[in-house]
Every structure is written in structure tokens, then in C-alpha cells.
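**Q** Sequence first, then the predicted structure:
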Amino acid sequence: MTYKAYLDNIKAQTGKDAEYYRAEAKKKGLTKYSELLSWLKNDCGLGHGHANAVILYIQKPELAKKKIQEDERNEKGRK
């Protein structure tokens with residue numbers, strides 16, 4: 001499963017995109033991996049893999065956006 005697919009699945013299941021979770025984490029002052037993982041799994045109901053995908057977006061948004069763009073390019077290349 002691609003990184004983009006993880007984020008797309010989260011949006012489909014929750015109605016919330018990664019940017020929403022990033023903004024909420026900032027409001028709550030959550031920055032550490034363990035804090036984010038606990039919050040996303042316990043309060044937001046995400047599974048471990050989906051939580052990790054969101055954590056990457058929260059902690060390293062530039063890298064996450066680069067991965068999304070790569071996944072989009074690869075999808076277009078397969079069509």
C-alpha cells in the first residue's frame with residue numbers, strides 16, 4: 001500500500017485529512033512520537049499503521065508531501 005493510499009483510506013474512514021490531524025496535534029501541543037501515537041490510536045480510533053502515516057505528516061510534512069507526489073506520479077505512470 002502506498003503512503004497516499006494510507007492517507008486516502010484515513011480520509012474515507014474518518015472524513016478527516018492529514019492536515020486536520022496536523023492542526024489538532026499542534027493545538028494540543030503534541031510533538032513526540034509516543035504522544036502522537038497514543039492520541040491517534042486511543043482518541044481518534046486509528047490503527048497503528050494509519051497512525052504512523054499521520055505522524056509522518058505531522059512531524060515531517062515536507063517529506064510526507066514528497067511521498068504523496070511520488071505516489072501520484074507512479075499512479076499516473078501505470079495508467
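**A** It's in. Numbers count the residues shown, from 1 in each chain.

**Q** Name all residues that make contact with residue 63.
**A** Applying Cβ atoms under 8 Å, 6 or more residues apart in numbering, we find residue 63 in contact with residue 56. In short, each C-beta sits where N, CA and C put it, glycine included.

**Q** Quick one, grab the pLDDT at it.
**A** Looking at residue 63, its pLDDT stands at 98.

**Q** where does the chain have low pLDDT?
**A** 79 (pLDDT under 70).

**Q** Repeat the analysis, applying 80 as the threshold.
**A** Filtered on pLDDT under 80, the chain yields the residue ranges 78-79.

**Q** Which residue ranges of it form helices?
**A** Under the criterion DSSP state H, helices of the chain are mapped to 3-14, 18-28, 33-38, 48-59, 61-78.

**Q** so of the ones you listed, which one's packed in deepest?
**A** Compared across the helices of the chain, helix 48-59 shows the largest average neighbour count, a mean of 19 (mean count of other Cβ atoms under 10 Å).

**Q** In terms of secondary structure, what does that one contact?
**A** With contacts defined as 3 or more Cβ pairs under 8 Å, 6 or more residues apart in numbering; DSSP states H and E, helix 48-59 has these neighbours: helix 3-14, helix 18-28, helix 33-38, helix 61-78.

**Q** any idea how far the closest residue to residue 3 other than its chain neighbours is from residue 6?
**A** Nearest residue to residue 3, sequence neighbours excluded (Cβ to Cβ, 6 or more residues apart in numbering): residue 67, at 4.3 Å. Per Cβ to Cβ, to the nearest Å, residue 67 is found 10 Å from residue 6.

**Q** show me what contacts the residue nearest to residue 3?
**A** Shown in contact with residue 67 (Cβ under 8 Å, 6+ apart): 3, 4, 56.

**Q** Any chance of a markdown table for those residues, columns distance to residue 48?
**A** A markdown table is the format used below for those (distance: Cβ to Cβ, whole Å):
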| residue | distance to residue 48 |
| --- | --- |
| 3 | 15 |
| 4 | 19 |
| 56 | 13 |
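
**Q** which residues sit in contact with residue 16?
**A** Shown in contact with residue 16 (Cβ under 8 Å, 6+ apart): residue 10.
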